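A.B. asks: Below are the sequence and a predicted model for it; my questions follow.
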Amino acid sequence: MRRWERSPGPGLRTASSLPLKEKLQALQCHFTWDFEIRDKVDAVHLLLTVALRIAHTPYPNQAAYLALQAYLCHLQERYEDALQSLKKAEEFLARDHPGNVPRQALVIYGNYAWIYYHLAHYDVVERYLDQVSQICRSLNSRSPYTALIPEVHAHKGWSLLATGFRNGQEASKCFQRALAEDEANGEFLAGSAIAAFASWIHSHDFEYKSDAKKKLSAIIQEEPQNYEAKMYLAKILERRDRPQAEALVEDVVRNSRDPEVLRNAAKFFQGEFLEETIAILERAISLDPTYHLLHYDLGRCYKEKLAVADTGRREEILAAATEAFKMAVQKDPAFVFAKLALAEMLGQKTPEYQEEIYLNLLSEVSTLSKRCQQAVYLHWGDFLLYTRESLPEAAEIYKAGFAIASTTQEKKTLRNRLQEVADVFRQRSQTTEAAAIQHVLERNTSPNYKKCTSHGRSWRLERQ
């Protein structure tokens, strides 16, 4: 039946008579899974981190990451790059899963169909939909375009983890479903372990911690060179068994060549052994100079050193911190937090340069994720308050950031800033301004809000 001919009556529609978009929406792939990428995570940043996962993953899941990479390229309207990623994904499937390509390819074919749909190549869309339908029929699926098989669950689980450990619990469900049908699959077991770790990191629930410890230990027993698993286990053991945790991290530092794993190893020592942290980050940078987060973390280390540096060394350390943050911005020009950190360093000598960065970020703030928007408002408000000493202007900026609907650390800090500003208004008998802020705070109070400490800055405006 051609699409323009009369379709069967209600209840009689066949799969072939469904509108193209309706068929696409029935697929299991990145285009139908809800990752909230546009809102919570910068797609540019994710593309950089996913590229690292593709290069260094110890599991046969590169095709899953390449399929995610294709979706992220689509968000940037880089359709040729998206198609190239899917082509590479097919090559990895042929290499890693030669006897199981059709089942593994369901998500990839779904992504192909969606991308060609956006390109208005509807004949090619139909071809990929037919391939999906044939695979679903061979699996005796009730739906012509959906087959909830372990391979699909695993693809979704890896993608959820790659887009943020806040998705740990949802990823755990995916790997549990996969393991329910294939309980001995090493890739699914590894995904389940990392998802349990991610769930613990995000929630600090002891049950997830215990589960992650057990599963990661089992993986390391089977794969002694799995340095990612060793680093996660070290984090779990950090407080209760420090010697074993340090032994794991030292093994990672000696032997891993994965920049992200080394970055996590550096974080393990940060705060206690700053020079060792810097040495690990410098080694990771030597392995991959393009990875922006390595430069950013290095800059943060120098910033930490700067806070306690003797007068004679401040110039040298400030220069090192500034250079590291410049490199982070150079490697990822969309990296908002690196720009904010660079602004702070430049402001040590030239506040005008700091202000210039803030104004540029404010001009594009509507295009940023909610967390980045809040960070920009927080830093700009701090600049107005502590550098320009303008309490009313700072209050308005803090209110604008706090009004953004999101639960982030930045929002908690904005709340604290507003409370402090309101206190100063009261001390100056500016009761109207204080009441206006209090109204904003009460209106936006969440029942789950946990008060956090402020940054400990002192008010320099009391003399006014």
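C.D. replies: Cool, the structure landed. Numbering: from 1, shown residues only.
A.B. asks: Averaged pLDDT, the helix or strand where L106 lies. What do you get?
C.D. replies: L106 is located in helix 101-118, with elements delineated by DSSP states H and E. Taken as a whole, helix 101-118 has an average pLDDT of 97.
A.B. asks: Buried residues, it. List them.
C.D. replies: Buried residues in helix 101-118, defined by neighbour count with 16 or more other Cβ atoms under 10 Å: 102-117. Bear in mind the C-beta positions are built from the backbone N, C-alpha and C, glycine included.
A.B. asks: Okay, helices next: where are they in the stretch 51-200 of the chain?
C.D. replies: Assigned by DSSP state H, counting those that start in this stretch, the helices in the stretch 51-200 of the chain fall at 62-75, 79-96, 101-118, 122-138, 150-162, 168-181, 186-203.
A.B. asks: likewise the stretch 251-400 of the chain?
C.D. replies: Assigned by DSSP H, counting those that start in this stretch, the stretch 251-400 of the chain shows helices spanning 259-269, 274-287, 292-307, 311-331, 336-347, 351-363, 370-382, 391-402.
A.B. asks: what comes up buried for the fourth one?
C.D. replies: Of all the residues in helix 311-331, those buried under the rule 16+ other Cβ under 10 Å are 317-318, 320-329, 331.
A.B. asks: And it, how far out from the chain middle?
C.D. replies: Put simply, helix 311-331 sits 25 Å off its chain's centre (Cα atoms, centre = their mean, to the nearest Å).
A.B. asks: and the residue lying closest to G381 once chain neighbours are set aside, how many neighbours does it have?
C.D. replies: The shortest distance from G381 to any non-neighbouring residue, by Cβ to Cβ, 6 or more residues apart in numbering, is to I397 (3.9 Å). I397: 24 surrounding residues under other Cβ atoms under 10 Å.
A.B. asks: Which residues lie in contact with I397 in this structure?
C.D. replies: I397 sits next to Y377, W380, G381, L384 when contact means Cβ atoms under 8 Å, 6 or more residues apart in numbering.
A.B. asks: Give me the number of neighbouring residues for the second one.
C.D. replies: Looking back up the chat, that one is W380. The burial count for W380: 26, using other Cβ under 10 Å.
A.B. asks: Pull up the gap between the closest residue to it other than its chain neighbours and L340, please.
C.D. replies: Leaving aside its chain neighbours, W380 sits nearest to Y358 (4.7 Å; criterion: Cβ to Cβ, 6+ apart). The gap separating Y358 from L340 is 8 Å, by Cβ to Cβ, to the nearest Å.
A.B. asks: Next, show the common contact partners of these two.
C.D. replies: In contact with both Y358 and L340: V376, H379, using Cβ under 8 Å, 6+ apart.
A.B. asks: For M345, give its distance to H295.
C.D. replies: Taken as Cβ to Cβ, the span from M345 to H295 is 13 Å.
A.B. asks: Give me the common contacts of these two.
C.D. replies: F325.
A.B. asks: quick one: average pLDDT of stretch 294-302?
C.D. replies: Rounded mean pLDDT across stretch 294-302 is 98.
A.B. asks: Let me have stretch 241-254 in CSV, keeping just the CA atoms, if that works.
C.D. replies: Only the C-alpha atoms of stretch 241-254 are listed here, as CSV (Å, rounded to 0.1, in the frame of the first residue of the first chain):
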residue,chain,number,x,y,z
ASP,A,241,41.0,0.2,53.9
ARG,A,242,43.4,2.9,52.8
PRO,A,243,46.4,0.7,52.3
GLN,A,244,44.6,-1.6,49.9
ALA,A,245,43.1,1.4,48.1
GLU,A,246,46.5,3.0,47.7
ALA,A,247,48.0,-0.3,46.4
LEU,A,248,45.3,-0.4,43.7
VAL,A,249,45.8,3.2,42.7
GLU,A,250,49.6,2.8,42.6
ASP,A,251,49.1,-0.2,40.2
VAL,A,252,46.8,2.0,38.1
VAL,A,253,49.3,4.8,37.9
ARG,A,254,52.2,2.4,37.0
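A.B. asks: Would you mark the buried spots in it?
C.D. replies: For stretch 241-254, by 16+ other Cβ under 10 Å, it's A245, L248, V249, D251, V252, V253.
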